[in-house]
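S.K.: using only what follows, build the 3D model:
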Amino acid sequence: MDWFILVTAGLFEIGWAVGLKYTEGFTRLWPTVGTVLSMIISLGLLGIAMKSLPVGTAYAVWVGVGSVGTAILGIVLLGEAAHPLRLVSLGLIVAGIVGLKLASSA
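M.R.: Numbering: from 1, shown residues only. A predicted model of the protein is given here:
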């Protein structure tokens, strides 16, 4: 259950990272409200997951999920470059997340 909570926290991290773009420097009310709520939920869930998961693993997975998801949404929603090296690098981050999960189960 803690891994589910951690991944959910990472998904909310994606929400606030992408949301920052839409706040236009916190000048747009509703995108700002959504972004701040995503921040609070993300950090709250991360804290809950860290009750039983190692801090280094939990933080690395949280950042990894957020980084990969944000980069993918940047490509899909914002027209950012999908350079092959960028995609390979994102794949390496995913491999690292899987590796951390496997290492924590051992």
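S.K.: please state the offset of the helix or strand encompassing Ser42 from the chain centre?
M.R.: Ser42 is part of helix 29-49 when elements are defined by DSSP states H and E. Centre-to-centre, helix 29-49 and its host chain are 12 Å apart (C-alpha atoms, centre = their mean, to the nearest Å).
S.K.: look up how far Ser52 lies from the closest residue to Ser42 other than its chain neighbours.
M.R.: The shortest distance from Ser42 to any non-neighbouring residue, by C-beta to C-beta, 6 or more residues apart in numbering, is to Phe12 (3.7 Å). Glycine gets a C-beta too; all of them are placed from N, C-alpha and C. To Ser52, Phe12 is 19 Å away according to C-beta to C-beta, to the nearest Å.
S.K.: neighbour count winner among those two?
M.R.: Phe12 (23 against 12; other C-beta atoms under 10 Å).
S.K.: which strand or helix spans that one?
M.R.: helix 2-23.
S.K.: give me the residue at the spatial middle of this structure.
M.R.: Gly66 (1.5 Å; C-alpha atoms, centre = their mean).
S.K.: state which helix of the chain is the longest.
M.R.: Using DSSP state H, we find that the single longest helix of the chain is helix 55-78.
S.K.: now for the next helix or strand after that helix, which elements pack on it?
M.R.: The first helix or strand that comes after helix 55-78 along the chain, using DSSP H and E, is helix 84-105. Secondary-structure packing of helix 84-105 (3 or more C-beta pairs under 8 Å, 6 or more residues apart in numbering; DSSP states H and E): helix 55-78.
S.K.: ok, and what's touching the helix it packs on?
M.R.: Residues from elsewhere that reach helix 55-78 (C-beta atoms under 8 Å, 6 or more residues apart in numbering): 6-7, 9-11, 13-14, 17-18, 21, 42, 46, 49-50, 80-82, 86, 90, 93-94, 96-97, 100-101, 103-104.
S.K.: now the buried members of those residues.
M.R.: Neighbour-count burial within these applies to 6-7, 9-11, 13-14, 17-18, 42, 46, 49-50, 90, 93, 97, 100; the criterion is 16 or more other C-beta atoms under 10 Å.
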